[in-house]
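S.K.: Curious how this folds, go ahead:
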Amino acid sequence: MKEKFKVGLYFGSFNPVHVGHLIIAETLLNETHLNQVWLVVSPQNPFKEKKSLASEYDRYNMVELATQNHPYIKPSNVEFYLPKPSYTIDTLAHLTEKYPDYEFSLLMGEDNLETLHKWKNYEAILKYYDIYVYPRIGSTTSEILSERIKKIHAPIIELSATAFRKLNAENKNCQFMVTKEVYEYIKKNCLYAD
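M.R.: Numbering: from 1, shown residues only. Have a look, this model is predicted:
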């Protein structure tokens, strides 16, 4: 039987995508047997206010720019074409049906794992999909909810899109928090300016 192509899904608003996201994705590739990691741009996260988001197309374009030279990290806009708000289980079901030769798993921070029990149909996620968890400051997930949850050794990165947006709006130095291409895109399109 042919082995399935393994893809790790890293969901996020990526508002904007920053180097911390890319380091985590690359670490996942190094620590696991995954063939690729897809950065899945969420058009609307049910737990986040929509007003603080750049347009989904700008956010996708930035992920595309940030990953253009990496052969195993890819952008995904799959949720743009699914009902909103986006729920992870629905996206997983859609991708599993669309790509029957692929095996999908999730990548998330410990902080997200702590709230997994609030997610739509979280039991099905735990039953059918592996979850790779990376450490976050202030989060402790000593209790493993399922044998499908695997902790990865990733650097703890104190870097957030919120911090970038704040610094950028204040005209402070923040260009090394994102890739050169993303920084140029943000400046050219006057994103996060106020």
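S.K.: tell me which residues of stretch 157-171 are tucked away?
M.R.: Going by neighbour count (16 or more other Cβ atoms under 10 Å), the buried part of stretch 157-171 is I157, A161, F164, R165, N168. Glycine gets a C-beta too; all of them are placed from N, C-alpha and C.
S.K.: for stretch 90-102, that is, sorry about that
M.R.: For stretch 90-102, burial by neighbour count (16+ other Cβ under 10 Å) applies to T91, L92, L95.
S.K.: do the same with stretch 68-88
M.R.: Those buried within stretch 68-88 under the rule 16+ other Cβ under 10 Å are Y72, I73, K74, P75, S76, N77, E79, P85, S86, Y87, T88.
S.K.: tell me the secondary structure for the residue lying closest to Y87 once chain neighbours are set aside?
M.R.: Leaving aside its sequence neighbours, Y87 sits nearest to K120 (Cβ to Cβ, 6 or more residues apart in numbering; 4.4 Å). Here K120 is recorded as coil under DSSP: H, G, I helix; E, B strand; the rest coil.
S.K.: Just give me the neighbour total for K120.
M.R.: 12 (other Cβ atoms under 10 Å).
S.K.: wait, it sits on T88?
M.R.: Yes. The pair K120 and T88 passes the contact test of Cβ atoms under 8 Å, sitting 7.5 Å apart.
S.K.: Next secondary structure after the helix-or-strand element of the chain with minimal mean pLDDT?
M.R.: None of the helices or strands of the chain scores lower by mean pLDDT, DSSP states H and E than helix 110-114, at a mean of 86. The first helix or strand that comes after helix 110-114 along the chain, using DSSP states H and E, is helix 122-128.
S.K.: which residues touch that following helix?
M.R.: Here helix 122-128 makes contact (Cβ atoms under 8 Å, 6 or more residues apart in numbering) with T88, I89, L92, L106, L116, W119, I131, L145, S146, R148, I149.
S.K.: Farthest pair within those?
M.R.: L92 and L145 (16.9 Å; Cβ to Cβ).
S.K.: For the closest residue in space to R165 that isn't next to it in sequence, give its distance to D90.
M.R.: Leaving aside its sequence neighbours, R165 sits nearest to Y192 (Cβ to Cβ, 6+ apart; 4.4 Å). Distance of Y192 to D90, computed by Cβ to Cβ, to the nearest Å: 29 Å.
S.K.: Provide the secondary structure category for P75.
M.R.: Secondary structure, three-state DSSP: P75 is strand.
S.K.: next one: A54
M.R.: Of the three states, A54 takes coil under three-state DSSP.
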